[in-house]
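# Just a sequence and a predicted model for now, questions to come.
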Amino acid sequence: MKKLIILGFDGTIADTAPGILYCMNTTALSMGYTPVAHNALYGVIGVSLEQGFMNLYGMKEDEIEYAMNQYSKLYSIKGEEMILLYDGIAEALEKLKSEGFKLAIATQKNEKFINNMLAVYSFVGELFDTVCATNVEEEMEKADMLRKVCTDLDVEPSDALFVGDSYVDALAAEEVGMDFAAALYGWGFRSKADAEKYHCKAYLNKAGEIGYKLSAIE
C-alpha cells in the first residue's frame, strides 16, 4: 500500500475552468485578442499560465508578463469565486485519511490563490498534510513539486501516488519514479485512450472513485 497520495488541484479536486476561462479571456480581450470557447481549455489547464496564453491566443513572449500580471489581478477578484469542488471529493479524501494515508496537493496555481481557496473550503483543506504551489521566489516544474512534497513528508517517491488530469502530470510522475492515476473527469485527458499512453495505475471516471480505487495500489 502507498503511504502518500498527492493530488493536483485544477481538474482533480475542483473544477476551476469557469474562473480561469473568464480571467484569461478578459485579459486577452483587453490586449486585442479574440476570446476562446470553453472547450478550448482541454489540455491547457494544468500547464503553466505562460504556456496557456501562448497556446490559446498565440501571444508573443514579450506580451506574457503583462498578460500574467493582468490575469493575476483579475483572478484574485473573480477567479477564486468561480470554483466548484467535484462531487464526492471531500468524502473520498476523508476515507483515504481515515485509512492512514498522508495527503498532499501539488499545483502550479499561485500559492496565494490556492491557500485562499482552501481556506474557503476548510473542510477539505484541513485534510492535507502539505500543499506545494507556485510562488514568486522559486520557480518549480511539476516534477520538482512532487519531489518537494516527498521530501517534506519524508516519503520515497516509490511509496507515493500522484493523481492528475493531464499529460503534464503523468510525465512529472514518471520523471520522479512515482506511480500515477489519471483523473478522466478533468480538463486534461479527453478520454481513457489519451491517458493509456502513460503508465497509469488507475483510471478515475469521477472524483468519488479516488476514495476506493487507490487504496489497494501497491
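That came through, no problem. Numbering: from 1, shown residues only.
# can you count the residues close to Leu84?
By the criterion of other C-beta atoms under 10 Å, Leu84 has 11 neighbours. For the C-beta atoms, the positions are set from N, CA and C on the backbone; glycine is no exception.
# So it is in contact with Asp15, correct?
Yes - the pair Leu84 and Asp15 qualifies as a contact (C-beta atoms under 8 Å) at a distance of 4.8 Å.
# I'd assumed Lys2 was in contact with Phe101.
Yes - counting by C-beta under 8 Å, Phe101 touches Lys2, with 7.0 Å between them.
# just the helices in this structure please.
Taking DSSP state H to define them, one finds helices in the chain at 17-30, 49-57, 61-77, 89-98, 111-120, 122-125, 142-153, 167-176, 192-195, 210-213.
# Output those as JSON lines; include the columns mean neighbour count, mean pLDDT and distance to Cys132.
Output for the helices of the chain, formatted as JSON lines (neighbours: other C-beta atoms under 10 Å; pLDDT from 0 to 100; distance: least, C-beta to C-beta, whole Å):
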{"stretch": "helix 17-30", "mean neighbour count": "20", "mean pLDDT": "94", "distance to Cys132": "20"}
{"stretch": "helix 49-57", "mean neighbour count": "18", "mean pLDDT": "92", "distance to Cys132": "17"}
{"stretch": "helix 61-77", "mean neighbour count": "15", "mean pLDDT": "93", "distance to Cys132": "19"}
{"stretch": "helix 89-98", "mean neighbour count": "18", "mean pLDDT": "97", "distance to Cys132": "17"}
{"stretch": "helix 111-120", "mean neighbour count": "17", "mean pLDDT": "91", "distance to Cys132": "9"}
{"stretch": "helix 122-125", "mean neighbour count": "14", "mean pLDDT": "95", "distance to Cys132": "14"}
{"stretch": "helix 142-153", "mean neighbour count": "20", "mean pLDDT": "97", "distance to Cys132": "4"}
{"stretch": "helix 167-176", "mean neighbour count": "21", "mean pLDDT": "96", "distance to Cys132": "12"}
{"stretch": "helix 192-195", "mean neighbour count": "16", "mean pLDDT": "95", "distance to Cys132": "23"}
{"stretch": "helix 210-213", "mean neighbour count": "18", "mean pLDDT": "95", "distance to Cys132": "19"}
